[in-house]
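Asks: here's a sequence, model it:
(chains A and B)
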Amino acid sequence: MKKSSIAGIIIIAIAICVIISTYSDSSTYGSFTDAKESKSELHVVGHLDKQKELFYNPKQDANYFSFYMKDNKGLECKVVFTGTKPQDFEKSEQIVLTGKMVGTEFHASKILMKCPSKYTKDKIEVNEVKTSKL
Amino acid sequence: MDIQFVGEHLLPGKLGQFFIILSFGSALLATISYYFATINKNRGKVLESESWQKIARTAFMLNLVAIIGIGSCLFYIIYNHLFEYHYAWAHSSKTLPVYFIISCFWEGQEGSFWLWTFWQGILGFVIFRKAKSWESSVMTTIMFSQTFLASMLIGIEVFGTRIGSSPFILLRTAIDGPIFSRPDYLSLIQDGNGLNPLLQNYWMVIHPPTLFLGFASMIVPFAYATAGLWEKRYKEWIKPALPWALFAAMVLGTGIIMGSFWAYEALNFGGFWAWDPVENASIIPWLTLIAAVHVIIAYKNSGHSYFTATFLVMISFILVLYASFLTRSGILGETSVHAFTDLGMFWHLVIFVLTFLSLSVWLLVSRWKELPITKKDEETYSREFWLFIGALVLTVACVQIIATTSIPVFNAIFGTKLAPPANIIQHYNKWQVPFAVVIAFISAFSQFLKYKKTDVKKFYISISVSLVVALIIAGIIGYITKVYGNAMYMILTYASVFSILANAKILGEAFKGKWKLAGSAIAHIGFALILVGALVAAATHKTVSINNTGTDFGDEFAKANNPKENIILYKDEPVKMDRYTVTYMGDSVKGVNTYYRVNYKVIDEKSGSIKENFDLYPHAQQNVKMQQIIASPDTRHYLFHDIYTHVSSVPLKEEDHMGAEGHSDDKTYEKPVIHEINIGDTIRFREGFMVIKGVNKDAKIQNIPIKNGDMAIGLQVEVNQNGKKYTAEPIYLLKGGVKYDFGKTIDEAGLKLRFTNIYPAKNKLELTVYQKPKAEKTWIVMKAIEFPYINLFWGGTIIMVIGFLLSIFRRNKELKTA
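Replies: Numbering: from 1, shown residues only, chains lettered A, B, ... in the order given. From the prediction side, this is the model:
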């Protein structure tokens, strides 16, 4: 057998290992219930409960931000994030959290939000300014 | 529609739409004509081939004109703020400076498709002029791709499905709204949505064109490979394709790093590479193309690795298409913040990828038996063998990135619900660092191997010196940059230093006259520097704004080992942060941005002298209406490190509401304090004191005549506040038996004084003091990161590009002399 063929086979074997390990490394999307059962970090998708308080007071602690999120199954949980309040957080339509449960709170290490950003949403801002046309 | 709309400019849109149809039609015609020109040429029918070629050339020129026409119409619309067009309304605004209007072009998908098709047209023009016998067959593939790109812009409904998305759609067609039933709706739309503030950066003017030139030029080597297989010119296509492959690798590489520089300069995620799916999508084809370039060279010199070279060239272009599918189909929705949202082109993009994929597979399979694959075995000590191995390692590195980036695709196909790894950066580094080590080693020692066969002893002698010296230098670097804690990082440092030394030796020989070698040596040195720079900056960057002063939120929170990376600064109050003393000096507004001036000082503890002193101006766009800020960092660049700072939270400016002066004005003061006083008394207040100087028995009040029996008395008060003196005379009026008083405000001191009563019995006067609440201290919350040795990363890029340029010149020259 040619040496390059052997090298090729070895490389393909490594590639398969890489792919398998990638998928074993992958995390899962879950709910807060799953998070309570699991000890490892996972992703929770849900939306912000806008009725409850968003707490961020930099004068007290510039790295403490808490809010309440409802996961896709409707369960609500307090979420704590070590950092500042992300920009435009109140307007988020969907939130993807990465983190784990600590006691009764979900500690997020990453927050990814989907916003109806003014750059994608087709909402026309109408200015009722009458231009005096004659 | 019966409504006659007022003020719309429909001509540029109609013209633009005409050009789109023209570009599609002409690209299709050129594809077909070039196809028949090639077929007839290969059958020996010269005359027929020539007439087909004539048609094809005309169609191609027409296509180029149409593409430029589309661009001009779109530019006209954006430049003149014709908001009746959805594209202009969605991506630009009147306040944008002209040079950012160019960026509006590629903020939307349609514009970036145009950019791609434009570059592909320009490259087609070069092929058309220079390719000679390759013209027909190579142009068939390029025009086929042009046809696809043009179809992305059509935006016409066929059998109920809309094909593509046109940039010339009118706002009233794109969006439903009650205002569109008014003929004068345009007069109500004052301005467009504007360009995303993050894209308002000069790097965003040049990064997308460079990146798209890179993507577009990937088709040229692909088209040559396709043509080579199609026309059975198996060995010939390699030579003209090589300079093009080098060109594509250089431009795409530059484009990727420009994007990384933009992220570093304008985004606040704090770094130059985040393994975001969109970033990955651009680096995937680059890696396979780099691998392709190396095996092409191996094949040219030894006849080995023919299939690998062809395969990698073809897969690189298919991966470009796959990358555009990833970023444009909306499939990355949950994993990336940067990707475009779906414009209804999901299946269109899938067809684009699959068409070219099946074309390549079919060509390779049908020509398999005729491919010039050598049966000979390579020598272990030969350059071609290690070029091949290096290419394979690059491919595996690429497979790893594809695998993780494609998790959403995997989910879509198999209906699973996998999420990307929780710590994405760690996940990638775990794999990519070892791959980088192997590649750096191979790029070093294979420079000392000869094609075919190498004298083993000589080989070991020549690399051993570099190996030993590299060990020492890597040790020193590891010590200085403090990466020695991590074994894998040390090995990568060692491998990269070894690569730099080995290639520097080759470069030394180049200076002695072997100029041919200079290009690859320089490119490899640049690449190794990028590796060291990226490693050191990424591994040892340090958040300097660590702040553990926050109030305790319970044990559970305190125990969390997340470092607290944001620090609050009050105006004019210096805070010690790492070795810096930072002070927030105030803000200033320029255009839409608020600039926060942050002063950094390094004070020598012993002597107290200031060693460094500079100001940084991280800025933020405050959008009062949206109640949000969009922050951009500011960075102090030193030769060996950068100080990077961005604000993460600032007080939102309130909309200016000029409080109605008058009756409710007492509300802006704190609860008043009532003093019973006499002349000569001193009253203390928060920031000073006031002295009652005397009374003025005939005080006059404007517009109020003082009659007999009325009494108007002024109280002369001298206010001392923080060393400043003010005088005021509040007035007490008794008119017709009714008491009135006329207070006096001292705005500068934030005081209001009222002479509210007279108690003759007690021989006392009553003074009511109103004081404004203490002005709230302004503050910012910011984050600062120190990036050491990041200049190695940027510098390495420049060196690598120079190396590529030299190689392109060399290979181009070979083409002419051959």
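
Asks: over to the residue of chain A found nearest chain B. Which of the three states is it?
Replies: Proximity of chain A to chain B (CB to the nearest CB) peaks at residue A:61, 2.7 Å away. (Glycine included, C-beta is placed from N, CA and C.) Under DSSP: H, G, I helix; E, B strand; the rest coil, the three-state class of residue A:61 is coil.

Asks: for the residue most central in space within chain A, which three-state class applies?
Replies: With distances taken as CA atoms, centre = their mean, residue A:96 lies nearest the centre of chain A, 2.4 Å away. Judged by three-state DSSP, the three-state class of residue A:96 is strand.

Asks: just checking, it touches residue A:42?
Replies: No - with contacts counted by CB atoms under 8 Å, residue A:96 stays clear of residue A:42, the gap being 10.8 Å.

Asks: tell me the contacts of residue B:434?
Replies: Going by CB atoms under 8 Å, 6 or more residues apart in numbering or on different chains, residue B:434 touches residue B:488.

Asks: assumed it was part of a strand.
Replies: No - counting by three-state DSSP, residue B:434 falls outside a strand, being helix.

Asks: so what pLDDT did it get?
Replies: Here, the pLDDT recorded for residue B:434 equals 92.

Asks: circling back to that earlier point, not counting residues beside it along the chain, what's closest to the residue nearest to the centre of chain A?
Replies: Nearest non-adjacent residue to residue A:96, counting by CB to CB, 6 or more residues apart in numbering or on different chains: residue A:112, 4.4 Å away.

Asks: shouldn't the one you found be within a helix?
Replies: No - applying three-state DSSP, one finds residue A:112 to be strand, outside a helix.

Asks: re earlier: quick check: the residue of chain A closest to chain B vs residue B:567, distance?
Replies: Going from residue A:61 to residue B:567 by CB to CB, to the nearest Å gives 11 Å.

Asks: tell me the residues on the stretch 701-818 of chain B that lie near chain A, please.
Replies: B:779, B:781 (CB under 8 Å from any CB of the partner chain).

Asks: pick out the residue of the stretch 701-818 of chain B closest to chain A.
Replies: Closest point on the stretch 701-818 of chain B to chain A, by CB to the nearest CB, is residue B:781, at 4.6 Å.

Asks: and the contacts of stretch B:727-741?
Replies: With CB under 8 Å, 6+ apart as the criterion, stretch B:727-741 contacts B:693, B:696, B:699, B:701, B:704, B:706-707, B:709-719, B:742-744, B:746, B:751, B:753-758, B:767.

Asks: what's the end-to-end length of it?
Replies: 18 Å (CA to CA, to the nearest Å).

Asks: can you tell me which of the contacts of stretch B:727-741 are buried?
Replies: Buried subset of these (neighbour count, 16 or more other CB atoms under 10 Å in any protein chain shown): B:699, B:712-717, B:719, B:742-744, B:746, B:751, B:753-756, B:758, B:767.

Asks: doesn't residue B:718 belong to a strand?
Replies: Yes - per three-state DSSP, residue B:718 lies within a strand segment.

Asks: need the contact list for it.
Replies: B:690-691, B:693, B:725-727.

Asks: just confirm the residue of the stretch 701-818 of chain B closest to chain A is within a strand.
Replies: Yes - if the criterion is three-state DSSP, then residue B:781 is within a strand.

Asks: does it touch residue A:61 like I think?
Replies: No - taking contacts as CB under 8 Å, residue B:781 lies outside contact range of residue A:61: 10.2 Å.

Asks: give me the pLDDT value at residue A:4.
Replies: At residue A:4, pLDDT is 79.

Asks: and it, how many residues sit next to it?
Replies: 19 (other CB atoms under 10 Å in any protein chain shown).

Asks: please identify the helix or strand for it.
Replies: Using DSSP states H and E, residue A:4 maps to helix A:3-25.

Asks: going by neighbour count, list what's buried in stretch B:374-384.
Replies: B:378-379, B:381-384.

Asks: one more: stretch B:238-255?
Replies: Buried-residue list, stretch B:238-255, by 16+ other CB under 10 Å: B:238, B:240-255.

Asks: repeat that for stretch B:534-542.
Replies: B:534-541.

Asks: possible to save these as a markdown table with distance to residue B:794?
Replies: Converted to a markdown table, the buried residues of stretch B:534-542 look like this (distance: CB to CB, whole Å):
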| residue | distance to residue B:794 |
| --- | --- |
| B:534 | 10 |
| B:535 | 14 |
| B:536 | 13 |
| B:537 | 10 |
| B:538 | 14 |
| B:539 | 17 |
| B:540 | 17 |
| B:541 | 15 |
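
Asks: inside helices: which ones of those residues?
Replies: Among the buried residues of stretch B:534-542, DSSP state H puts B:534-540 in helices.

Asks: nearest to chain A, of those?
Replies: Distances from chain A to those, taken by CB to the nearest CB, are shortest for residue B:538, at 17.8 Å.

Asks: these two touch, right, the closest one and residue B:264?
Replies: No - using CB under 8 Å, residue B:538 is not in contact with residue B:264, being 11.6 Å away.

Asks: shared neighbours of the two, anything?
Replies: residue B:271.

Asks: any stretches of chain A with poor pLDDT?
Replies: For chain A, the stretches flagged by pLDDT under 70 are A:1, A:114-134.

Asks: quick one: the helices in it?
Replies: A:3-25, A:32-37.

Asks: near chain A at all, the longest helix seen in chain B?
Replies: Scanning chain B for the helix with the most residues, using DSSP H, yields helix B:46-79. No - contact of helix B:46-79 with chain A (CB under 8 Å from any CB) is absent, the minimum separation being 15.1 Å.
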